[in-house]
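**Q** Predicted structure and sequence below. I'll ask about it afterward.
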Amino acid sequence: MFTLQKKKDKDFLVLNLSDPQLGDGEWDKNHRNYKILTETVKELVERLHPDLITVSGDLSWAGNDVAYDSLAAFLDGFQIPWAPVWGNHDNQGGAAYMDTVADRYLTHPYCLYEKGDPAIGNGNYVIRIEEEGKPVEAIIMMDSHDRDPWIDEEGKETWAWAKLIPEQLDWYREQIGLLSAAGYADTTLIMHIPIYGYNDAWNAAIRPGVEYEKLTVADSHTGDCWNDGYKEAFGVRREGICSYPADEGAFAVIRELGSTHHIISGHDHVNNFVIPHEGVKFIYSLKAGAGCYWTPELNGGTVLKITDSGVADVWHEYVDPAPFMQG
């Protein structure tokens, strides 16, 4: 568990980057995707001066050691604490491989990371934020794994995106208990693969008949596309919600405990909706850079503004990649 200090009378900003996902060769300084990612992040840091950078998974692909090490060195260069969780592509190399990457990340001076209990994954840990000894916010980082077996509608065994396992939900419950006892009343959960509750939030929020595939970012902020009670939602959905196909029970635990009011996920590169649903904001982080697949208009990072009473605001910070795409 880590503790970071918020300065009195100054907002604490968390910049979340999602799915940077460059391969080894893309870290060549002349590669277009290298320029897009690194210049995007530099621009975000210069604009925001964040106090913490988090990375919500798919840092690269398993086996791309140059990419993992290059990203870590790049983030260390800002001399700002940064904290990752792993995504499905990171986890595809298996537990032993992921452990070797984690060992290297633990040597980086600005990286906040704990492996945690290997029985529930790699990288389940907590970052606490306090102001002059007063608890302000806690960020719970959780490993959402890779894939799980699934029986499809035809009865055939296939694979589905993974979920938080029951033992992780027990761990989450334990952390909320410890944090509550220490005075932390507000928490944020950061992971890669969205929990099933993102489906519930979307279905409750989107107005019937809206052609959401054609919805623009600007129009998503007008409120016209959202049902009553969801007018504060914003952002777009350009692909499926790639969660585990059935309710894994995570949202029920989150609602029961009543501590987590913001959930940040990545995974789906061209979804970036933010929907308040039953006391929780379901947040798709804006994707950083062109790695794997992307839409240039949805490039940048997602920001949490933390005041002395917890998270007060969340927004996407867009960066136009056009100047970095030349040559």
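**A** That came in fine, so what should we check first?
**Q** Is Gly223 in contact with Gly229, as I believe?
**A** No: counting by C-beta atoms under 8 Å, Gly223 stays clear of Gly229, with 11.0 Å between them. The way it works is simple: take the backbone N, C-alpha and C, and place the C-beta from them, glycine included.
**Q** Those two - which one has more neighbours?
**A** More crowded of Gly223 and Gly229, by other C-beta atoms under 10 Å: Gly223, with 15 against 11.
**Q** Who are the contact partners of that one?
**A** Contact analysis of Gly223 by C-beta atoms under 8 Å, 6 or more residues apart in numbering lists 231-232.
**Q** where does it fall, phi/psi-wise?
**A** phi 90, psi -10 (degrees, to the nearest 10).
**Q** same thing with the one 10 residues further on?
**A** In terms of degrees, to the nearest 10, the main-chain angles of Ala233 are phi -70, psi 160.
**Q** For it, the count of nearby residues, please.
**A** Neighbours of Ala233 (other C-beta under 10 Å): 24.
**Q** Contact partners for it?
**A** 205, 220, 226, 273-276.
**Q** Same question for Val66.
**A** Going by C-beta under 8 Å, 6+ apart, Val66 touches 24, 27.
**Q** For it, give its distance to Gly94.
**A** The gap separating Val66 from Gly94 is 19 Å, by C-beta to C-beta, to the nearest Å.
**Q** Over to Val85?
**A** Going from Val85 to Gly94 by C-beta to C-beta gives 17 Å.
**Q** higher neighbour count, those two?
**A** Counted by other C-beta under 10 Å, Val85 and Gly94 do not tie: Val85 has more neighbours, with 28 against 10.
**Q** Skipping adjacent residues, who's closest to Gly235 in space?
**A** The spatial neighbour of Gly235 that comes closest, neighbours along the chain excluded (C-beta to C-beta, 6 or more residues apart in numbering), is Phe273 at 3.6 Å.
**Q** Show the pLDDT at that neighbour.
**A** pLDDT, Phe273: 98.
**Q** Surely it touches Pro194?
**A** No: look at Phe273 against Pro194 with C-beta under 8 Å: they stay out of range, at 10.6 Å.
**Q** what ranges do the helices span in the stretch 151-300 of the chain?
**A** Secondary structure of the stretch 151-300 of the chain (DSSP state H, counting those that start in this stretch): helices located at 166-181, 197-205, 217-220, 250-257.
**Q** out of those, deepest packed?
**A** helix 197-205 (a mean of 20; mean count of other C-beta atoms under 10 Å).
**Q** What angle do helix 250-257 and that one make with each other?
**A** 80 degrees (axes from the mean of the first three to the mean of the last three C-alpha atoms, to 10 degrees).
**Q** oh, and call the first residue 612 from now on, that's how I've got it
**A** Renumbered: residue one is now 612, and that last one reads helix 808-816.
**Q** That concludes my questions; thank you for your assistance.
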